[in-house]
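Participant: sharing a model prediction with you, sequence too.
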Amino acid sequence: MKHLAPLLLSLLATNTFAAVEVIYGADNRQDVYQVTNSLHRRLALSTAGMVAASSFQKSSSPNVFDLAGIKTLERGQNICPTEAFSQQPTAATCSGFLVGPDTIVTAGHCYKSFATPEQVCRSFAWVFDLDMKSPSHNPLRNIPATNIYLCKEIIHAELSANADFAVIKLDRRVVGREPLRFRTSGRISSSASLVVIGHPSGLPTKISPAGRVTRNTDPTRFSTTLDTFHGNSGSAVFDAASGIVEGILIQGKTDYVPSRAGDSSSCLVVNKCDETGGNCISGPEQGAVQWGEVVLRLDQVLPHIQRSLNKASR
């Protein structure tokens with residue numbers, strides 16, 4: 001870790017990229033410190049945010065880093081100050097989750113949309129515990145080096161009509177957190193209750209429960225009513241009861257709409273739909289997002305996860 005600072009500070013960030021999503025019924029997003037479900041809090045330990053390496057700077061304390069140049073949700077994305085979390089920072093570009101001692105899974109478009117995958121690998125780090133510890137906590141300060149990991153290798157990144165995932169090998173084994181369990185066969189139950197954990201709009205980690213499956217017929221994906229936003233791309237979608245990862249959040253409906261109809265310069269408010277995925281402020285949408293937020297099943301990802309696990313860490 002002694003070489004982390006020069007590595008992080010010398011890398012250049014590339015463009016941001018992510019899918020877009022929305023709120024269904026009540027806004028279920030919660031900061032980690034607000035969550036009482038012990039299983040969901042434990043799952044959050046193994047989720048991470050993808051952060052531009054150029055944002056890191058040395059802290060005054062040894063083996064600790066700060067994030068610089070990060071704007072709040074209001075200032076960075078013109079979100080109305082009355083919206084939830086508008087004053088929190090937006091450091092993360094995408095979300096990911098730990099599936100092996102040194103292996104992260106995320107959405108493919110996080111690595112393939114704007115730059116070459118290799119350039120993204122060099123330009124972004126993965127940060128665990130990028131969350132609010134209390135209402136007044138500043139998550140940009142005093143980030144332990146043990147929570148920051150570089151991308152060592154892209155095992156596989158794919159962005160196509162049927163697949164949107166990336167399997168990333170980190171520069172070392174992750175300390176102090178367990179790889180998540182994930183579905184290896186079969187299909188999610190249409191009656192399952194879901195929870196998603198990640199970084200909506202780039203915010204500190206949010207846990208959003210009470211999602212349900214709205215369409216389960218497509219062989220490669222299913223649709224849900226999870227409350228997710230850009231920045232949630234790559235988030236693990238869990239069975240809320242068992243904690244099993246059911247898939248990867250890859251796509252959804254429009255995030256925000258102008259607070260004054262027809263005035264594109266007005267500040268933005270959350271796009272809201274009903275709990276069935278219909279009657280949205282903005283819409284209708286085409287394809288799988290007609291039924292809600294889109295989750296990629298893990299079938300296509302499993303061989304590449306296994307390939308990464310078979311590569312011994314140095």
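Facilitator: Arrived safely, thanks for sending.
Participant: where do the helices sit along the stretch 101-250 of the chain?
Facilitator: Using DSSP state H, counting those that start in this stretch, the helices of the stretch 101-250 of the chain run over 109-112, 117-123.
Participant: which one of those helices lies nearest to residue 242?
Facilitator: Checking these against residue 242 by Cβ to Cβ gives helix 109-112 as the closest, at 26.2 Å. (Glycine included, C-beta is placed from N, CA and C.)
Participant: dump that closest one to CSV, keeping only the CA atoms.
Facilitator: Extracted in CSV, the C-alpha atoms of helix 109-112 (Å, rounded to 0.1, in the frame of the first residue of the first chain):
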residue,chain,number,x,y,z
HIS,A,109,-21.2,-0.3,-19.4
CYS,A,110,-19.1,1.0,-16.4
TYR,A,111,-16.0,-0.2,-18.3
LYS,A,112,-17.1,0.0,-22.0
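Participant: can you list the buried residues in that helix?
Facilitator: Of the residues in helix 109-112, 109-112 count as buried by neighbour count, 16 or more other Cβ atoms under 10 Å.
Participant: count the residues that sit near residue 160.
Facilitator: Neighbours of residue 160 under the rule other Cβ atoms under 10 Å: 9.
Participant: same question but for residue 311, I mixed them up
Facilitator: 14.
Participant: what of residue 60?
Facilitator: Using other Cβ under 10 Å, the number of residues around residue 60 comes to 8.
Participant: how confident was the prediction at it?
Facilitator: For residue 60, the model assigns a pLDDT of 84.
Participant: which SS class is it?
Facilitator: Classification of residue 60 by DSSP: H, G, I helix; E, B strand; the rest coil places it in coil.
Participant: pretty sure residue 105 is touching residue 111, no?
Facilitator: No. Taking Cβ atoms under 8 Å as the definition, residue 105 is not a contact partner of residue 111, at 11.4 Å.
Participant: name the nearest residue to residue 210, ignoring sequence neighbours.
Facilitator: Nearest-residue entry for residue 210: residue 28, 4.9 Å, with adjacent residues in sequence omitted and distances by Cβ to Cβ, 6 or more residues apart in numbering.
Participant: no, scratch that, I was asking about residue 174
Facilitator: Nearest one to residue 174, counting by Cβ to Cβ, 6+ apart, is residue 98 at 5.9 Å.
Participant: what about that neighbour, which SS state?
Facilitator: Put simply, residue 98 is strand when judged by three-state DSSP.
Participant: next one: it from residue 45, what distance?
Facilitator: From residue 98 across to residue 45, the span is 9 Å (Cβ to Cβ, to the nearest Å).
Participant: higher neighbour count, the two?
Facilitator: Counted by other Cβ under 10 Å, residue 98 and residue 45 do not tie: residue 98 has more neighbours, with 23 against 18.
Participant: got a list of what that one touches?
Facilitator: Residue 98 sits next to 46-48, 104, 174, 177-180 when contact means Cβ atoms under 8 Å, 6 or more residues apart in numbering.
Participant: quickly list what it is bridged to.
Facilitator: The partner list for residue 98 in beta bridges (DSSP bridges) reads residue 104.
Participant: which residue sits closest to residue 238, ignoring its sequence neighbours?
Facilitator: Leaving aside its chain neighbours, residue 238 sits nearest to residue 195 (5.0 Å; criterion: Cβ to Cβ, 6+ apart).
Participant: where do the strands sit along the stretch 1-150 of the chain?
Facilitator: For the stretch 1-150 of the chain, the strands defined by DSSP state E, counting those that start in this stretch cover 23-24, 30-31, 47-52, 56-58, 64-67, 92-100, 103-106, 124-128, 143-144, 148-159.
Participant: quick check, distance from the longest one to the centre of its chain.
Facilitator: In other words, strand 148-159. 15 Å (Cα atoms, centre = their mean, to the nearest Å).
Participant: just to revisit the earlier point, so what sits against both of residue 105 and residue 111?
Facilitator: Shared contacts of residue 105 and residue 111, counting by Cβ under 8 Å, 6+ apart, come down to 166, 168.
Participant: tally of neighbours for the residue nearest to residue 210?
Facilitator: 18.
Participant: could you pull up phi and psi at it?
Facilitator: phi -100, psi 0 (degrees, to the nearest 10).
Participant: residues in contact with it?
Facilitator: For residue 28, the contacting residues are 208-211, 227, by Cβ under 8 Å, 6+ apart.
Participant: which helix or strand in this protein has the lowest average pLDDT?
Facilitator: Ranking every helix and strand in the chain by mean pLDDT, DSSP states H and E puts helix 4-10 at the bottom, with a mean of 43.
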